[in-house]
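Enquirer: make a model of this:
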Amino acid sequence: MISKKNWFLMAAVVGAFIVAMLTAAVPQQPVAIAGEENGYYGKKAKYVFYFIGDGMAMPQINSTEIFKGTLNSSEPMYKDKLNFTVFPYQGMQTTHATNSFITDSAAAGTALASGHKTANDVLAVDPTNKIKYKSMAEMAKEKGMKVGIVSSVSIDHATPAVFYAHEPSRNNFYEIALAISDSGFDYFAGGGLLAPTGKKKDRPDALEIAKQKGYKVVNSQDEIMSLSKKDGKVIAIQPGLAKDEAMQYEIDRTNQLSLADFTSKGIELLDNPNGFFMMVEGGKVDWACHANDAATTVRDVMAFDNAIAEALKFYAKHPNETLIVVTGDHETGGMSIGFSGTKYETFVSKISKQTLSFEEFDKQVKAYRTTVGETGGNLQDWLPSLANNFGLTELTAYDKQRLSEALAQSMLDPKKRAKDEQTYLLYGGYEPFSMTVTHILNQKAGIGWTTYAHTGVAVPVFAQGIGGEIFQGYYDNTDVAKKMMSIMDVKFQQ
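Expert: The predicted structure follows:
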C-alpha cells in the first residue's frame, strides 16, 4: 500500500510531466523580455503594409460593417465583416498628443510613424522644433527597402507628410512639398500638392524640382496605369482632383482611379528582392466625418478596405514574409450607432439612398443661391432633390422647419452669416442646408454625431502576418510604431 506522503509525491511528478508535455505540444510565440514589450524576436518582415484610416475608429468600422450588411443581405440584423476586421491579431491604441487628450493628425501621425509623441500641429519634430523624429519609412529606405506613400488626400497633408518631412507646422505645405523629392522615396501617389509654388505662388515649382531630382511625375490615368519599374522614382497624381487637391469621395467617384488602384500599382512598382514599405492613408474618411456625413464616411471606409484587399492578394503569395497593419490616427466626429430619436433601433439602410457627398451637394446649393438670391430660397424647390439624392421622402414638420431655417442661412453670403455659438453647433462652419440634410438623414438612420472635430477615444489596431501577434493588447500609439520597427528590424531612434 502506497503511503499518503508517497502518493502526493507521485501525483506531483505526474502533474509536472503532463504540464511539460502540454507545453511542448503548444507552439510558443516570440515573447518580449520585461521592459521591452514592443520587442519581437522572430523572423523579420520583408514586406510591410501600413494602412491608416484617418479619423477611423470603431464607430466608423462598425457602421460600415452594418451598412455593408444591408447591401449584401435582406436579413435585418446582418453585419458583413471587412477585410481587416477578420485579421487574427487585434488591439487598441491611445491617441493623445503631448498637449491635448484630443490629437490632430500631425501629432498622431508623428507617433504612428516615429514612435514619438509631439504637440498638435507639429510634424515629426519635438514640440520645441529642436529634434527631428525619424520615421520607419526613412529607416526602411536607409536599410535598402523601397518605400511608397499613398493617400486619398493631398500627399503633403499631415498623415503622409509625417513619414518624410519634419516641420514645426503641418501648414508649411511648400517646405513639405520640397521634402518629397529630398526623401528619395520610390513611389508617391494619390492626391496632389496644396502649395507647389508656395503660399504666394512665387517659389520654384516643387514638382519641377522633383523632376530635376530624378522623379517621373505623371497625372493622367493612362500614364499612371502604364508605369513600370523601369520608370524609377515616381509621383503619380490622380487626374481631375476634387477640392483641396484630394481624390474624389468614393460616393462621387466615377471613372477615376481608386485608392485600391494606386495601392495595386504601388505593389507592382515597389516589389523587389530587398523588400518594401508602403503606407496607404484613407484620408477622406476623416473629412467626411468632420462634415458629419455618414453615407460618405462608410463608402470611403469601404474604399479603404478595397485597398487592403490588394495587400492581401500580395500577402497570399508571400505569407511568411509580409506584415499588414491597419489602424486609425484618431476618431473624428464623435460618430455613434444610436440616436435619441430612434431609441434602440437603427435603420442604417436609409443612408444607402444617398447618391452624392455633402461636397457635391454644396455645389448645387451654391448654384441655387446664385440663381435665386438671398431672399429667394424656397424649400419646395428642393423636395425632389432631397427625395432623389437622399431618399428623404417622409419629412416631419420639425424636419421642414430645420431645413427652411438652414436654407435661409445658406442663401446668405458666407461673410454675412451668423458666427454665434448656436450657429456653429448647428452647422459647424459647413454649408448650413447641406449639413442639415445629412444630419436629418443620419438621425433617421439611427446614427449620431457629437462634434465637427476629433475625439479622444482609443482606436483599434488590426494585424496579420509576420509578428502580428505582438499587436494584441492595449497600448499607446507610439507603441504601434515601435512594434512595427522591431518586426522590420530597424532601430527606434530615442
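Enquirer: residue contacts, P432?
Expert: When contacts are counted by C-beta atoms under 8 Å, 6 or more residues apart in numbering, P432 touches A406, L407, Q409, S410, R417, T423, L426. In this view, the C-beta of every residue, glycine as well, is placed from N, C-alpha and C.
Enquirer: go on, A295?
Expert: I251, I351, S352, Q354, T438, L441.
Enquirer: my guess is the fourth one contacts F390, does it?
Expert: To tie it back to what came earlier, the one meant is Q354. Yes. Using C-beta atoms under 8 Å, Q354 is in contact with F390, at 5.2 Å.
Enquirer: which stretches of the stretch 51-200 of the chain form helices?
Expert: 58-72, 105-114, 136-143, 158-161, 173-183 (DSSP state H, counting those that start in this stretch).
Enquirer: S226: neighbouring residues, count only.
Expert: For S226, the count of nearby residues is 11 (other C-beta atoms under 10 Å).
Enquirer: do the same with the one 5 residues further on
Expert: Using other C-beta under 10 Å, D231 is surrounded by 15 other residues.
Enquirer: and what of A397?
Expert: Using other C-beta under 10 Å, A397 has 7 other residues around it.
Enquirer: residues contacting it?
Expert: By C-beta under 8 Å, 6+ apart, the contact set of A397 is empty.
Enquirer: got it, and the one 3 residues further on?
Expert: K400 is in contact with L379, counting by C-beta under 8 Å, 6+ apart.
Enquirer: what's the pLDDT at the closest residue to T393 other than its chain neighbours?
Expert: With sequence-adjacent residues excluded and distances taken as C-beta to C-beta, 6 or more residues apart in numbering, T393 is closest to A387, at 4.9 Å. Confidence at A387, expressed as pLDDT, is 98.
Enquirer: same check, this time on G15
Expert: pLDDT, G15: 50.
Enquirer: now swap in N6 and tell me
Expert: 53.
Enquirer: and the one 4 residues further on, by the same measure?
Expert: We have a pLDDT of 52 for M10.
Enquirer: name the nearest residue to K213, ignoring sequence neighbours.
Expert: In this structure, K213 finds its nearest non-sequential neighbour in S181, 4.3 Å apart by C-beta to C-beta, 6+ apart.
Enquirer: isn't that neighbour right up against K216?
Expert: No. Checked against C-beta under 8 Å, the pair S181 and K216 is beyond contact range at 11.6 Å.
Enquirer: circling back to that earlier point, with secondary structure, pLDDT and neighbour count added, can I get the contacts of P432 in JSON lines?
Expert: Below are these laid out as JSON lines (DSSP: H, G, I helix; E, B strand; the rest coil; pLDDT from 0 to 100; neighbours: other C-beta atoms under 10 Å):
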{"residue": "A406", "secondary structure": "helix", "pLDDT": "98", "neighbour count": "24"}
{"residue": "L407", "secondary structure": "helix", "pLDDT": "98", "neighbour count": "21"}
{"residue": "Q409", "secondary structure": "helix", "pLDDT": "97", "neighbour count": "21"}
{"residue": "S410", "secondary structure": "helix", "pLDDT": "97", "neighbour count": "23"}
{"residue": "R417", "secondary structure": "coil", "pLDDT": "93", "neighbour count": "15"}
{"residue": "T423", "secondary structure": "helix", "pLDDT": "96", "neighbour count": "14"}
{"residue": "L426", "secondary structure": "helix", "pLDDT": "97", "neighbour count": "18"}
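Enquirer: tell me the one of those nearest T128?
Expert: T423 (37.4 Å; C-beta to C-beta).
Enquirer: what's the end-to-end length of stretch 202-222?
Expert: Terminal residues of stretch 202-222 are spaced 31 Å apart (C-alpha to C-alpha, to the nearest Å).
Enquirer: got a list of contacts for that stretch?
Expert: For stretch 202-222, the surrounding residues in contact (C-beta under 8 Å, 6+ apart) are 174, 177-178, 180-182, 192-193, 196-197, 224, 227, 231-239, 256-257.
Enquirer: what is the mean pLDDT for stretch 189-203?
Expert: In this model, stretch 189-203 has a mean pLDDT of 97.
Enquirer: now E469: how far from A408?
Expert: Distance from E469 to A408, counting by C-beta to C-beta, to the nearest Å: 57 Å.
Enquirer: do K313 as well
Expert: From K313 to A408 the distance is 51 Å (C-beta to C-beta).
Enquirer: how about A445?
Expert: Distance from A445 to A408, by C-beta to C-beta: 26 Å.
Enquirer: ok, the two, which is more surrounded?
Expert: When neighbours are counted by other C-beta under 10 Å, A445 comes out ahead of the other of A445 and A408, with 27 against 15.
Enquirer: that one against T346, yeah?
Expert: Yes. The criterion here is C-beta under 8 Å, and A445 meets it with T346 at 6.7 Å.
Enquirer: burial count for the closest residue to K44 other than its chain neighbours?
Expert: Nearest non-adjacent residue to K44, counting by C-beta to C-beta, 6+ apart: D489, 4.2 Å away. The number of residues packed around D489, counting by other C-beta under 10 Å, is 14.
Enquirer: could you do P88 as well?
Expert: Look at P88: counted by other C-beta under 10 Å, it has 12 neighbours.
Enquirer: likewise for K81?
Expert: By other C-beta under 10 Å, 12 other residues sit near K81.
Enquirer: show me the contacts for the nearest residue to it once chain neighbours are set aside.
Expert: If the residues on either side of it in the chain are set aside, K81 comes closest to E65, at 6.2 Å by C-beta to C-beta, 6+ apart. E65 makes contacts with K79, D80, K81, L82, T85, as judged by C-beta under 8 Å, 6+ apart.
Enquirer: could you check how far E65 is from F101?
Expert: E65 is 27 Å from F101, by C-beta to C-beta.
Enquirer: A158 too?
Expert: 18 Å.
Enquirer: next: R299.
Expert: Here the criterion is C-beta to C-beta. By it, R299 lies 30 Å from F101.
Enquirer: the two: which has the busier surroundings?
Expert: Using other C-beta under 10 Å as the criterion, R299 and F101 rank with R299 on top: 25 against 11.
Enquirer: tell me which helix or strand the more buried one sits in.
Expert: R299 belongs to helix 294-317 when assigned by DSSP states H and E.
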